[in-house]
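Colleague: Sequence and computational prediction follow.
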Amino acid sequence: MSKKEDDTFRFIQLLSQRWSSQDKRIKDYSCNEFADKISLIDFFLSIIPKEHKFRKLLEQIRVMLILRGQAIWIRDRADILTQLGIKVGKTYKTISMDEKEGMEE
């Protein structure tokens with residue numbers, strides 16, 4: 001991988017991490033077959049009062065969709081290396097703003 005490609009990849013990682021740190025729901029939508037349904041539940045949860053009798057049910061359905069949607073995505077869309085990486089727990093280091101030197105042109 002060339003330096004420019006590496007810098008571009010690191011910058012994309014940085015932007016992704018920044019977005020997910022600003023909106024915690026993004027992590028639930030990413031790599032999830034049911035992201036559209038989870039976002040609808042999030043909308044309804046944002047307008048339904050906390051004491052509403054269906055709120056707890058919606059929260060439970062949301063958790064179920066997150067778990068099932070991620071499992072389906074991994075099974076159907078992730079390549080073998082991604083699946084192996086998930087299985088063995090390999091993680092990548094967090095990219096910080098200090099490490100973006102040389103990415104701008």
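Modeller: Right, received. Where do you want to start?

Colleague: Can you list the helices and strands that the longest helix along the chain packs against?
Modeller: Identified as the longest helix of the chain according to DSSP state H is helix 55-77. Where contact means 3 or more CB pairs under 8 Å, 6 or more residues apart in numbering; DSSP states H and E, helix 55-77 is packed against helix 35-47, helix 80-88. Where you see a C-beta, it was placed from the backbone N, CA and C, and this is true even at glycine.

Colleague: And for the last one, what's in contact with it?
Modeller: When contacts are taken as CB atoms under 8 Å, 6 or more residues apart in numbering, the neighbours of helix 80-88 outside the stretch itself are I74, A78.

Colleague: quick check: mean pLDDT across it?
Modeller: Across helix 80-88, the average pLDDT comes to 89.

Colleague: So the residue nearest the centre of the chain, which state does it fall into?
Modeller: The centroid of the chain falls nearest to K27 when counting by CA atoms, centre = their mean (2.8 Å). The three-state assignment at K27 reads helix, by DSSP: H, G, I helix; E, B strand; the rest coil.

Colleague: need the contact list for it.
Modeller: S20.

Colleague: ditto for the one 4 residues further on
Modeller: When contacts are counted by CB under 8 Å, 6+ apart, C31 is found next to Q70, W73, I74, R77, A78.

Colleague: can you check Y29 too?
Modeller: Y29 neighbours (CB under 8 Å, 6+ apart): A35, I38, S39.

Colleague: show me where pLDDT drops low in the chain?
Modeller: The chain contains residues with pLDDT under 70 at 90-95, 98-105.

Colleague: hang on, the earlier thing: what residues of the longest helix of the chain count as buried?
Modeller: L58, R62, L65, I66, G69, Q70, W73, I74 (16 or more other CB atoms under 10 Å).

Colleague: Now do the contacts for the first one.
Modeller: Meaning L58. I41, F44, L45, I48.

Colleague: Recalculate using a threshold of 6 Å.
Modeller: Shown in contact with L58 (CB atoms under 6 Å, 6 or more residues apart in numbering): I41, L45.
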